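Colleague: What shape does this take:
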Amino acid sequence: MGKKKIATLFQKTLVGQIVLFGVVALTTSAFSGWNLNRQLRREYRSKGSAIATSVAYYSENLIASSPAETTQSVIDEFLEIQGVAYVFVVDVNRDIIAHTFVPQVPKELQLLQNVDDFETIVIREIDIKNLGDFTNISAPILAGVGGYVHVGMDRGLIRGQIARAMQEQIFLIFLLFILSGIATYLMVKKVSQPLDRLTEYAQKLARHDFDAIVDVKSKGEIGLLATTMQKMARELSRFIQRLEAAVNELNQTLQALREEQEKSERLLLNILPIPIARKLKEKPTHIADGFPEVTILFADIVGFTKLSQKISPQEIVQLLNDIFCAFDNLSDRHGLEKIKTIGDAYMAVGGLPVPREDHAEAVAEMALDMQRELRRISVERGENFSIRIGVNTGPVVAGVIGTKKFIYDLWGDAVNTASRMESHGIADCIQLTDSTYNILQNKYRFKERGVIHVKGKGDMTTYLLLGRKSDNEDKEARGQEEECRV
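Modeller: Here you go, the predicted structure:
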């Protein structure tokens, strides 16, 4: 990982160096080439002018007193000077009397015989096919009276010198680039190694390894950064420990609150119907609903007050708990809503809080099962318990009252009438009003009790529920019918 990071950083730095050195090399080479060319041209022109002037000076005497061979030998010596390409002398008649060309002067140079200015040095740039580029310098002999001397300086030597100078410069730049690259690598390595350690340390911190140690011995900014990071890691470790402790404590508190909430909800559901409990949780306000037709059941254990005087309070509570738990199971089985118990009395209703069409039938089935359950308990305990049940059908209002110890209760004449059916009933019988009888008469067997006087209601015709109509009635049902006699 560390070598890869060094290589990446070095590559980026090297690319920057290449670009920088490339720009510097191109700029420097271009400027150096231009400057060197300018200097060499000036030097060659100066050298050529000096040679031409020197030849012209010697030619003043040679042309007049010496033969042409002497002049030829003099100009041949100048060819040994670096940069001199040719020399030829023209007399006053414009004839070439001496030259350094073999075998003859090129045609391009022969045109230079016609020099108009006989008093000054003339410099021209010429190109000779198959020979090259030259700087031609023409110097007058005796102000032109004796003729002209033409000296050609080879410009190809200038280009060669520039090329060699450029090569040397490029070599130096390349050498500097290599040295700089080595220095850069060493510098990058020196910087990247502590950075790699800092990166690894940061990754450990990201994995919550706050006990890790970063080994950075640098005394500069990187060392300061490493020391600062370690201090921050220690502080962060202590903070996280405190935070984890607080979170654990909070989770324990939340768990305890959830458990208490679950207990409260279970208690609330034991007190209130599920839909009513949900409403109360969502909108804690008064809850009251009207139901046009429900069936109410009241049940009372006959003679329980006298029995409670013979047994201990614990036994009384245990007995009532056994009986009412059995009734609660029946209420759940038939989909009825238990309202409350008062002493040894039990109240349930069918058709609320969720309305249902068969509310009367469900209550009738529960009433018959309550008689069977009580006979079973009587046999188990060796007692002869009796139950009195009253049933009525009609409209009611249901709701939650109070701010403490909530209770879901019913109100209405139908409730009072059902209570009167129980209190004016017969032991081991299920007494119904004609409103319930009219609903169930085609499915159940009844015995008309006749007209009885009901407190607060006057004379009423009531009926005793004997069982469900069936072709094969069991013995238990027939025994129940015998017990329930007016």
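Colleague: To which secondary structure element is the residue lying closest to Val89 once chain neighbours are set aside assigned?
Modeller: Closest residue to Val89 apart from its sequence neighbours, by C-beta to C-beta, 6 or more residues apart in numbering: Ala98 at 4.6 Å. (Each C-beta comes from the backbone N, C-alpha and C, glycine too.) Per DSSP states H and E: Ala98 is located in strand 96-99.
Colleague: Give me the sheet partners of that strand and which way each runs.
Modeller: strand 84-90 (antiparallel) (DSSP bridges).
Colleague: Just the C-alphas of the strand it pairs with, formatted as CSV.
Modeller: What follows is strand 84-90, C-alpha atoms only, in CSV (Å, rounded to 0.1, in the frame of the first residue of the first chain):
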residue,chain,number,x,y,z
VAL,A,84,35.9,31.2,-44.6
ALA,A,85,34.4,29.4,-47.6
TYR,A,86,35.8,31.3,-50.5
VAL,A,87,37.8,34.4,-51.5
PHE,A,88,38.1,35.9,-55.0
VAL,A,89,39.5,39.2,-56.3
VAL,A,90,38.0,41.3,-59.1
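Colleague: where's Asp434 relative to Tyr463, distance?
Modeller: 7 Å (C-beta to C-beta, to the nearest Å).
Colleague: my bad, Gly394
Modeller: 15 Å.
Colleague: Over to Ile287?
Modeller: 34 Å.
Colleague: Please say which of the two ends up with more neighbours.
Modeller: Set side by side, Ile287 and Tyr463 show more neighbours around Tyr463, with 23 against 19, by other C-beta atoms under 10 Å.
Colleague: and the more buried one, what is it in contact with?
Modeller: Residues near Tyr463 by C-beta atoms under 8 Å, 6 or more residues apart in numbering: 431-434, 437, 446-449.
Colleague: The same query, at a cut-off of 10 Å, please.
Modeller: 391, 421, 430-434, 436-438, 440-441, 444, 446-450 (C-beta atoms under 10 Å, 6 or more residues apart in numbering).
Colleague: In PyMOL, how would I select the buried members of those residues?
Modeller: Here is the PyMOL command that selects the buried residues among the contacts of Tyr463 (16 or more other C-beta atoms under 10 Å):
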select buried, resi 391+421+430+431+432+433+436+437+440+444+446+449
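Colleague: can you pull out the helices in this structure?
Modeller: Under the criterion DSSP state H, the chain contains helices at 2-65, 68-77, 107-110, 155-206, 221-271, 274-282, 304-308, 313-334, 359-381, 413-423, 434-440, 475-483.
Colleague: how many other residues sit next to the closest residue to Ala427 other than its chain neighbours?
Modeller: Nearest residue to Ala427, sequence neighbours excluded (C-beta to C-beta, 6+ apart): Ser386, at 4.1 Å. Other residues within reach of Ser386, judged by other C-beta under 10 Å, total 18.
Colleague: Then Val105?
Modeller: 17.
Colleague: what sits against Glu80?
Modeller: No contacts exist for Glu80 under C-beta under 10 Å, 6+ apart.
Colleague: okay, now Asn136: neighbour count?
Modeller: That count, for Asn136 with other C-beta under 10 Å as the rule, works out to 21.
Colleague: Mind listing the residues bridging to it?
Modeller: Arg124, Gly152.
Colleague: how close does it sit to Val84?
Modeller: Distance from Asn136 to Val84, by C-beta to C-beta: 12 Å.
Colleague: How about the contacts made by His453?
Modeller: The neighbours of His453, taking C-beta under 10 Å, 6+ apart as the test, are 424, 459-460.
Colleague: Adding distance to Thr228, pLDDT and neighbour count, write those out as JSON lines.
Modeller: Listed next are the contacts of His453 as JSON lines, based on distance: C-beta to C-beta, whole Å; pLDDT from 0 to 100; neighbours: other C-beta atoms under 10 Å:
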{"residue": "His424", "distance to Thr228": "92", "pLDDT": "92", "neighbour count": "18"}
{"residue": "Asp459", "distance to Thr228": "99", "pLDDT": "91", "neighbour count": "9"}
{"residue": "Met460", "distance to Thr228": "94", "pLDDT": "92", "neighbour count": "17"}
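Colleague: tell me which of those residues is nearest to Ala299?
Modeller: Nearest to Ala299 out of the contacts of His453 is His424 (C-beta to C-beta; 13.8 Å).
Colleague: For the closest one, list the residues it contacts.
Modeller: Applying C-beta under 10 Å, 6+ apart, the residues near His424 are 388, 390, 431, 449, 452-455, 457, 460, 462.
Colleague: swap in Arg155?
Modeller: 37, 40-41, 44, 83, 85, 125-127, 132-135.
Colleague: how near is the spatially most central residue of the chain to Glu200?
Modeller: With distances taken as C-alpha atoms, centre = their mean, Ala206 lies nearest the centre of the chain, 16.5 Å away. Distance, Ala206 to Glu200, by C-beta to C-beta: 11 Å.
Colleague: remind me which residues of the stretch 151-300 of the chain are low pLDDT?
Modeller: For the stretch 151-300 of the chain, the stretches with pLDDT under 70 are 185, 187-195, 201, 210, 214-223, 226, 264-286.
Colleague: Ile81: how many residues sit nearby?
Modeller: 14.
Colleague: repeat for Asp91
Modeller: 18.
Colleague: Please name the nearest non-neighbouring residue to it.
Modeller: Gly147 (4.2 Å).
Colleague: Next one: the one you found from Val55, what distance?
Modeller: For Gly147 relative to Val55 (C-beta to C-beta), the value is 11 Å.
Colleague: Name the residues contacting each of the two.
Modeller: Going by C-beta under 10 Å, 6+ apart, residues that sit against Gly147 and also against Val55 are 89, 141.
Colleague: which residues does Leu465 bridge with?
Modeller: Counting by DSSP bridges, Leu465 forms beta bridges with Phe446.
Colleague: quick one: contacts for it?
Modeller: Taking C-beta under 10 Å, 6+ apart, one finds 363-364, 367-368, 371, 389, 391, 429-432, 436-437, 440, 444-447, 480, 484 in contact with Leu465.
Colleague: switch to 6 Å and redo it
Modeller: 430, 432, 444 (C-beta atoms under 6 Å, 6 or more residues apart in numbering).
Colleague: can you pull the pLDDT of it?
Modeller: Confidence at Leu465, expressed as pLDDT, is 94.
Colleague: mind exporting stretch 91-106 as CSV, just the C-alpha atoms?
Modeller: Written as CSV, here are the backbone C-alpha positions of stretch 91-106 (Å, rounded to 0.1, in the frame of the first residue of the first chain):
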residue,chain,number,x,y,z
ASP,A,91,40.1,44.0,-60.8
VAL,A,92,38.9,47.4,-61.9
ASN,A,93,37.8,45.9,-65.2
ARG,A,94,35.5,43.6,-63.3
ASP,A,95,37.6,40.5,-64.2
ILE,A,96,38.3,37.8,-61.6
ILE,A,97,42.1,37.7,-61.2
ALA,A,98,42.3,35.2,-58.4
HIS,A,99,39.9,32.9,-56.6
THR,A,100,39.7,29.8,-54.3
PHE,A,101,37.2,27.8,-56.3
VAL,A,102,38.0,24.7,-58.2
PRO,A,103,37.8,24.8,-61.2
GLN,A,104,35.9,28.0,-61.6
VAL,A,105,33.8,30.6,-59.8
PRO,A,106,30.1,29.7,-59.7
